[in-house]
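J.: model this:
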Amino acid sequence: MELLNKQKTGKVERPVKVLQFGEGNFLRAFVDYMIDIANEKGEFNGDIVLVKPIEFGTLERFHNQECQYTVQLRGIVDGEPRKINRTITSVTDAVAATEEYEKYADYAKLDTLRFIVSNTTEAGIVYDETDKFESNPPKTYPGKLTKFLFERYKHFNGASDKGLIMLPVELIDDNGIHLRECVLKFAKLWGLEDGFVKWLDDACVFTSTLVDRIVTGYPRDEAEELCKEFGYQDDLIVTGEPFALWVIESPKDISNELPLPQAGLPVIFTDNQKPYKQRKVRILNGAHTSFVLASYLCGNDIVLESMNDELILNFIKATIFDEVIPTLTLPKEELDDFANAVLTRFNNPYVKHAHLSISLNSVSKWKARCMPSFLGYIEKMGKIPTHLTFSLAALMAFYTGTEIRDKALIGHRDGAEYNIMDDAAVLEFFAANSSKEPKEFVHAVLSNKDFWDQDLSALAGVEDAIVSYITDIRAMGMRKTMEKVFA
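T.: Got it, this is the predicted structure:
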C-alpha cells in the first residue's frame, strides 16, 4: 500500500501559526487533532510545525508521510462502542532542533507564528544554570525557548505584536508559571537586555493548562489490519479515547485568537484552572485510587471488569456522587456531568487498564487524591464517609505482606502472589506491621505522619471503623466483607 501523504489527504497549506516542541502521541492526538477540526470548520486557519527537541530519535517516519497521520478514537459514544477515524492535516512539517538548527531557528523570524505548544515530560520544565546561550540549541527546553524568543525579539526589534503565546501541557501544576520563571532566570543568567524582559511581560503570554485524554498510542498489534481498512499505509497511527478536556488559564484573554470552543471543541478558557484540576484529581483519579485495590482483591484485574461487577460499580458511584462531589466547589450539574463522563471512560471496551498498574504508589496517591475528599466530607458532614473510609481499609488489606523481593512487597490473592510497588520506606513499613493484629496494624498506619502529614487515628470513629473492616476482610475475604458493609 502507498504511504499516507499530503496528496492523499488533500492537505491545504495554511500559514504556520504553531510551533510544537514534542512530536509524541499525546500532542498529535490532542492538540493537533483539535486544531485540525478548527481548521476544517474555518475557525483557525493555521498549520503546525513539529520540533524534535532532543537528540534522541528520528523524524524519518514524519518526513516519509509528509507529517500526515490518522487518529482513531475508541470508546463509548452516546451509549454505544464506536471507533472514530480522522486523518490529520494540521501538521505541515517537522524539524529537529539539534540536527537542523538553522531551519529550526528560522521559525523565530516567521511573521505568522503565534503559539508555542510543548510537552517535554514533567522533567522538561527545568532551570539548569549550566545551560548555555551559545549552544545551538541550549540543552533544556526552557533554555531553547528563551533563546528562540530572544532571537524573535531581536529580529522584529521588540515589536509588541510579535510576541508569542505559550501553551505548555506538561503534567505539572502551574506549568506556564514555572515555564515563565525558568525563561526569566535564563534571561538573567545570560545577561539578556532589559528590553527583552519587558517584551516577555508585555507582548508574550504564558498560559497554564490542564489536559485530559487517555492516548494509547500506536496500535502495534492492529496496525496492519487498520491500514487495510484505511486503504493506505500509516506508520504514525495514534489511538485514544473520545473524551477530551483542555483548560487554559491565561493572564490575558486569548480566546479570540484560539477559537477552539467555537469549533465545538472541549476547551475552557479561565483565569483560574484550580477548580478544574481539583475536579479531575478528586473524581477521576480519586475514584481510580478508591476502588482498584478493593476490586483487585475481589478478583478483578482491569477497570472494565470492575465496571461489570455490580458490587464494585455501586461502590464507585456512591464514592463519587455521595462523598466526593459534595466536597467540591464547581456547580453540581458540572460535577455530575464530569462524573458521568468518568464512568463512561472507565467502561471503555478498548482500554485494558490493569489494576496493578494503577496500584503503583497507592499510599501517596490516596493522600493526594482521596484524603482531601475524606477530610472535606468529615468537616462538612460531621461524620466519616463510609466508602472513602473503606477504601483506606482496602489499601491496608492490599498492602499486606511480610516479604520484600526484587523491590516489591509480596501480597497474596487467592493463594497467588502479586507485587506491591511503592517507595522502599513504605514497603518496609508494611512488611514490618501488616501481620500484626488489626487494632495495632490499623493504628500504626493511621498514625504514620510520614504517610499523611497528620495523625488520622485522632479523627473520631475512623480507627474503630477500619479495625472492623480489616477484621472482617481477614476472616471473610474482600468480596464478602463488601457485601456485608454495602449490600
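
J.: Which strands or helices does the one helix or strand residue 87 maps to pack on?
T.: Per DSSP states H and E, residue 87 falls inside strand 80-88. If you count contacts as 3 or more Cβ pairs under 8 Å, 6 or more residues apart in numbering; DSSP states H and E, strand 80-88 packs onto helix 31-40, strand 69-77. Where you see a C-beta, it was placed from the backbone N, CA and C, and this is true even at glycine.

J.: With mean pLDDT, mean neighbour count and distance to residue 1 as extra columns, can I get these in JSON lines?
T.: Output for the helices and strands packed on strand 80-88, formatted as JSON lines (pLDDT from 0 to 100; neighbours: other Cβ atoms under 10 Å; distance: least, Cβ to Cβ, whole Å):
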{"stretch": "helix 31-40", "mean pLDDT": "98", "mean neighbour count": "22", "distance to residue 1": "23"}
{"stretch": "strand 69-77", "mean pLDDT": "97", "mean neighbour count": "21", "distance to residue 1": "13"}
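
J.: quick one on the thing from earlier: list the buried residues for the strand holding residue 87?
T.: 87, 88 (16 or more other Cβ atoms under 10 Å).

J.: Report the distance from the following helix or strand past it to the chain centre.
T.: Counting by DSSP H and E, the next helix or strand C-terminal to strand 80-88 is strand 91-96. Centroid separation for strand 91-96 versus its chain: 24 Å, with Cα atoms, centre = their mean, to the nearest Å.

J.: any chance of the helices and strands packed on strand 80-88 in JSON lines, plus distance to residue 175?
T.: Putting the helices and strands packed on strand 80-88 into JSON lines (distance: least, Cβ to Cβ, whole Å) gives the following:
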{"stretch": "helix 31-40", "distance to residue 175": "14"}
{"stretch": "strand 69-77", "distance to residue 175": "24"}
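
J.: And the contacts of the strand holding residue 87?
T.: With contact meaning Cβ atoms under 8 Å, 6 or more residues apart in numbering, strand 80-88 is reached by 4, 9, 28, 32-33, 36-37, 68-77, 230, 242, 349-350.

J.: hmm, back to that, compare the helices and strands packed on strand 80-88 and give me the one nearest residue 336.
T.: Of all the helices and strands packed on strand 80-88, strand 69-77 sits nearest to residue 336, with 17.4 Å by Cβ to Cβ.

J.: between the closest one and strand 91-96, how many degrees?
T.: 110 degrees (axes from the mean of the first three to the mean of the last three Cα atoms, to 10 degrees).

J.: elements contacting strand 69-77?
T.: helix 25-29, strand 80-88, helix 223-230, strand 238-240, helix 332-346.

J.: Mind listing residues that contact that strand?
T.: 4, 28-29, 33, 81-88, 91, 219, 226, 230, 234, 236-243, 344-345, 347-351.

J.: what's the offset of it from the middle of its chain?
T.: Using Cα atoms, centre = their mean, the offset of strand 69-77 from its chain centre is 18 Å.

J.: Strand partners (parallel or antiparallel) of that strand?
T.: According to DSSP bridges, strand 69-77 forms sheet pairs with strand 80-88 (antiparallel), strand 238-240 (parallel).

J.: Poorly predicted segments of the protein, please.
T.: The model of the chain has no residue with pLDDT under 70.

J.: Domain parsing of it, as residue ranges.
T.: Residue ranges for each domain of the chain read 6-272, 275-486, as given by automatic domain parsing.

J.: What is the end-to-end distance of the last one?
T.: Between the opening and closing residues of domain 275-486 there is a gap of 31 Å (Cα to Cα, to the nearest Å).

J.: try the longest one
T.: Distances were taken as Cα to Cα; on that basis the terminal residues of domain 6-272 are 40 Å apart.
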